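*Asks:* Task: produce atomic coordinates for the following.
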Amino acid sequence: MNDNDEPRPVIIITGRVWKKKGGKSEGVHVMLIAPDDDSAVRRALESLAAEGYAEAELDQIGEMQGEPDDEPHISAYQGALEGEVSIVTFDEPI
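*Replies:* Have a look, this model is predicted:
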């Protein structure tokens, strides 16, 4: 909880990840709760590394404005609310 005893918003970070350096990239959305942007980025990068990603390029960070409409983002959002760092990867359009 923050200073106002209000729940912190879920943060979403978007970008690209690579399993192998120079390999095929995938799009990524990372959802988590953190006290600030720097902590969110640090936790996201640590979690991506723990999942075996060799490289990550993070583009944007922001606060979610409510629960997403579709899976797998709904589950990722719920995981973030429960304290997990949720990672959703997808094929990038060419």
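*Asks:* I'd like to know the beta-bridge partner residues of the spatially closest residue to Ser75 that is not a sequence neighbour.
*Replies:* Spatially, and ignoring its direct neighbours in sequence, Ser75 is nearest to Ser86 (7.5 Å; C-beta to C-beta, 6 or more residues apart in numbering). From N, CA and C alone the C-beta is placed, and that goes for glycine too. Per DSSP bridges, the residues bridged to Ser86 are Met31.
*Asks:* Ile12 bridge partners, please.
*Replies:* With DSSP bridges as the criterion, Ile12 is bridged to Met31, Gly62.
*Asks:* Where does pLDDT dip in the chain?
*Replies:* 1-5, 93-94 (pLDDT under 70).
*Asks:* need the contact list for the residue nearest to Ser75.
*Replies:* Val30, Met31, Leu32, Ser75, Ala76, Tyr77, Gly79, Ala80 (C-beta atoms under 8 Å, 6 or more residues apart in numbering).
*Asks:* how many neighbours does Gly22 have?
*Replies:* Gly22: 8 surrounding residues under other C-beta atoms under 10 Å.
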